[in-house]
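> Sharing a model that was predicted from the sequence below.
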Amino acid sequence: MKNFSLSLYAFHLRHTLTELPGEVVTDANLLWENLVKVGEGSLTFVGLKDLRSKLICYQNGKYDPKQEVGRKTEWLSVSGKDVDLGSLPTTEGFKINANLQPFLLNDTYAVDLTLVAESPNISIDIPQLQHFKPSSLLPSNIQASLGQTLSIYGEVDPSEDCDTLAEKLVIALVAGTNLNPVRSQQGELFGSLLFEYQALDPDEPDNSAKQCHILIVINNSQAATATLAAKAYKWLLNLLCSYHKILYIYQLARQRYREARTIYSNLENKIQEFNSLISENQTQLSGLKSLMGEIPKKSFDYTRCLQDLQTHHTAITTNITNYTICLEKIQTIDSGNSPQSWQDFINKDCKKWQEQIQTDINYLTPGQELFGQLVDTIRGIVETEQTERDRSLESTIQVLGIGFGGGAIASGVFTTHIDKINLPIVQKHPLYASLLLSVLFTFFFIGIGWLITQRQYHPRDKK
């Protein structure tokens with residue numbers, strides 16, 4: 001392959017809606033730091049080792065995203081243009097040149113790191129590909145949160161078996177890793193053959209940061225592919241960014257849906273527990289209070305899941321729109337042509353995912369109301385039971401108060417005049433007589449107190 005190039009397009013989330021203006025996610029600078037590590041390890045380009053000094057978001061070697069505020073350009077380089085990283089020699093006598101283009105695309109850091117042979121006439125075959133150290137550009141080293149695309153471009157003779165060549169190239173790209181590349185589509189881009197692959201990590205197939213999107217573009221017809229690609233560069237970069245965001249957002253949405261379903265399942269268990277508590281002969285007030293303490297937290301978590309799903313639906317819709325705009329611009333540059341698979345991605349995959357998220361929202365929304373109804377029902381029962389118990393306690397205190405108070409007064413009066421009672425048994429046993437009458441008086445006044453409280457809490461209906 002001549003006029004060979006290997007490009008990394010990586011996209012990393014800088015901030016989300018939850019961050020305050022000017023704040024960024026915890027690992028916002030991870031993309032830049034990992035590129036520096038690659039420069040210090042395998043691709044030892046001087047400019048890559050010293051990347052921090054080339055970016056406006058670093059001051060004195062330390063990450064400082066505030067420097068990006070107010071920028072009117074998407075460029076993050078201090079120079080406001082692409083960064084020449086220098087060159088590296090190979091054991092086969094030719095050099096590899098490197099160029100880096102850093103951007104801030106709304107809430108996303110984007111980078112294009114491109115490696116080319118020093119001369120377009122140098123032929124690069126499968127063995128020579130390893131001089132470009134492709135393994136250093138794989139997800140395990142880059143860790144871009146939104147995902148990445150590796151792209152190879154080369155020009156070959158018309159007689160070349162491009163299908164077999166693409167397979168060999170993609171296998172060589174992921175050699176020595178657990179990534180499993182599978183061809184997803186085949187078509188044409190700017191007059192060249194396009195072979196598209198998805199290389200997933202079998203341990204975490206849904207993790208965007210651990211999968212690699214691979215494009216193999218082979219020009220076997222002397223088409224003006226390089227010229228057209230340069231003209232459409234902005235739209236290609238933004239299309240790839242939207243593509244990875246759509247995949248990332250959909251995976252987030254599926255994760256939140258699973259979490260919401262788990263919470264909803266827990267709610268079903270709580271409803272059963274609630275039914276058991278209120279079906280007992282005597283309502284278990286402590287159990288109901290315990291439920292009332294647990295459910296609001298679950299309800300809040302459930303609401304958060306639902307709100308996140310609604311946010312993901314808005315986000316995926318926005319990125320579908322952006323992807324569509326970019327694709328239309330590319331088609332304009334390429335005389336109305338574009339890979340059919342890219343159009344199918346919008347019409348089939350994106351539509352299906354968008355509808356799936358909306359279906360999840362519709363399915364989960366009634367559960368939000370059920371949470372509220374359960375909390376209100378438990379609160380009403382608890383308040384009623386507590387009121388009845390408080391009233392019963394108050395009534396008992398009143399009855400006992402009247403009984404003991406009245407009994408004490410009557411007993412005092414009786415004791416004072418006991419010597420005037422001319423009964424043999426009283427005169428013979430005055431202490432016992434006093435105690436007995438005191439008890440009788442107490443029960444008598446307790447009875448009076450009970451009648452009073454009954455009239456107080458259960459008055460007769462007026463006719």
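Received, thanks.
> Can you give me the distance of Asn337 to Ile214?
In this structure, Asn337 and Ile214 are 21 Å apart, going by CB to CB, to the nearest Å. For every residue, glycine as well, the C-beta is placed using N, CA and C.
> got it, and Ile263?
Computed as CB to CB, the Ile263 to Ile214 distance reads 38 Å.
> Next: Glu155.
Going from Glu155 to Ile214 by CB to CB gives 19 Å.
> same thing with Trp235?
Trp235 is 20 Å from Ile214, by CB to CB.
> Comparing these two, which residue is more hemmed in?
Ile214 (24 against 18; other CB atoms under 10 Å).
> Am I right that that one falls within a helix?
No. Assessed by DSSP: H, G, I helix; E, B strand; the rest coil, Ile214 does not belong to a helix; its assignment is strand.
> Check the spacing between it and Pro139 real quick.
Distance from Ile214 to Pro139, by CB to CB: 11 Å.
> now Leu100
From Leu100 across to Pro139, the span is 18 Å (CB to CB).
> Could you pull out the strands in the stretch 51-200 of the chain for me?
Taking DSSP state E, counting those that start in this stretch, the strands of the stretch 51-200 of the chain run over residues 58-59, 62-63, 83-89, 95-105, 108-117, 147-155, 180-189, 192-200.
> Quick one: distance of the second one to the chain centre.
What that stands for is strand 62-63. Relative to the centre of its chain, strand 62-63 is centred 26 Å away, using CA atoms, centre = their mean, to the nearest Å.
> Which secondary structure elements does that strand sit against?
Contact here means 3 or more CB pairs under 8 Å, 6 or more residues apart in numbering; DSSP states H and E; on that basis strand 62-63 packs against no helix or strand.
> In its sheet, which strands sit next to it, and in what direction?
Strand 62-63 pairs in its sheet with strand 58-59 (antiparallel), by DSSP bridges.
> For the strand it pairs with, which outside residues touch it?
For strand 58-59, the external contacting residues (CB atoms under 8 Å, 6 or more residues apart in numbering) are 32, 52, 64, 67.
> which of these count as buried?
By neighbour count, with 16 or more other CB atoms under 10 Å, the contacts of strand 58-59 hold 32, 52 as buried.
> Which pair in the contacts of strand 58-59 has the greatest spatial separation?
Farthest apart among the contacts of strand 58-59 by CB to CB are Trp32 and Gln67. That separation is 12.9 Å.
> Show me whatever sits in contact with both of those two.
Contacts common to Trp32 and Gln67, judged by CB under 8 Å, 6+ apart, are 57-58.
> Now stretch 228-248: buried residues?
Residues 228-229, 232, 235-248 are the ones in stretch 228-248 that count as buried (16+ other CB under 10 Å).
> for stretch 178-188, that is, sorry about that
179, 181, 185-188.
> low-confidence ranges in the stretch 251-400 of the chain?
Scanning the stretch 251-400 of the chain for pLDDT under 70 picks out 270-295, 370-400.
> try 90
263-304, 363-400 (pLDDT under 90).
> Having no further points to raise, I will conclude here.
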